[in-house]
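Enquirer: Show me how the following folds:
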Amino acid sequence: MTIKPLVILPDPLLREVSKPVERFDADLRRFNADMFETMYDAPGIGLAAIQVGEPLRMLVIDLAKEEEEPQPLTVINPEIVHNGDERSVYEEGCLSIPDYYAEVERPAVIRVRFLDIEGKQQEIEANGLLATCLQHEIDHLNGVLFIDHISKLKRDMVVRRFKKLAKDRPAPSKLAS
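Expert: Predicted structure coming up:
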């Protein structure tokens, strides 16, 4: 397994709409393992393929706490087939927008149809943190970031801050020498 580098705001790749996964093979299983390894290393509770540079409609989630047994969930080509009317607010963060958190309101209950790592169709009804995490990661597959759900003023401030940080970072070629 390989820990992949994370794509960080303002990288335009984060705004791309990901393509459906079509092949369920050893390469996909290897990539799935790499995504989990990367997410656990970060550490995070969810990761979309686009966040490691692969514009595929695939995400991984594990909401288990550190002392609990891992509960890895792979979600491929997800489709939200139902949103409940009730809303909930969670403070969200993102591995691609490090050290920034904001309260986001989303549907409290959703139903998602997806394929598992073997290509078998699944459906899950989710609430609480799982519903929030699924919506956050599915947004990534559509080029949407959690900061798109906050006020324009706050979003513009975050984007400006990350553009400045990106400009101040040395280019990768300079790091290699």
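Enquirer: what about D41, how many neighbours?
Expert: Neighbours of D41 under the rule other C-beta atoms under 10 Å: 12. Just so you know, the C-beta spots here come from the backbone N, C-alpha and C atoms, and that holds for glycine as well.
Enquirer: I'd assumed I3 was in contact with it.
Expert: Yes. Assessed by C-beta atoms under 8 Å, D41 is found in contact with I3 at 5.0 Å.
Enquirer: quick one: which helix or strand includes F31?
Expert: helix 26-41 (DSSP states H and E).
Enquirer: May I see the buried residues of that helix?
Expert: Within helix 26-41, the residues that count as buried by 16 or more other C-beta atoms under 10 Å are L28, F31, N32, A33, D34, M35, F36, T38, M39, Y40.
Enquirer: from those, which single one is nearest G128?
Expert: Set against G128, the nearest of the buried residues of helix 26-41 by C-beta to C-beta is M39 (19.2 Å).
Enquirer: Tell me what the residue nearest to the closest one when sequence neighbours are not counted is bridged to.
Expert: Distance criterion C-beta to C-beta, 6 or more residues apart in numbering; nearest residue to M39, sequence neighbours excluded, is L47 at 4.0 Å. Listed by DSSP bridges, the beta-bridge partners for L47 are V60.
Enquirer: List the contacts of L47.
Expert: L47 makes contact with M35, T38, M39, L59, V60, I61, L95, E137, according to C-beta atoms under 8 Å, 6 or more residues apart in numbering.
Enquirer: mind putting those residues in JSON lines, pLDDT and distance to R15 included?
Expert: Compiled in JSON lines, these are given as follows (pLDDT from 0 to 100; distance: C-beta to C-beta, whole Å):
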{"residue": "M35", "pLDDT": "98", "distance to R15": "20"}
{"residue": "T38", "pLDDT": "98", "distance to R15": "20"}
{"residue": "M39", "pLDDT": "98", "distance to R15": "21"}
{"residue": "L59", "pLDDT": "98", "distance to R15": "17"}
{"residue": "V60", "pLDDT": "98", "distance to R15": "21"}
{"residue": "I61", "pLDDT": "98", "distance to R15": "22"}
{"residue": "L95", "pLDDT": "98", "distance to R15": "16"}
{"residue": "E137", "pLDDT": "98", "distance to R15": "15"}
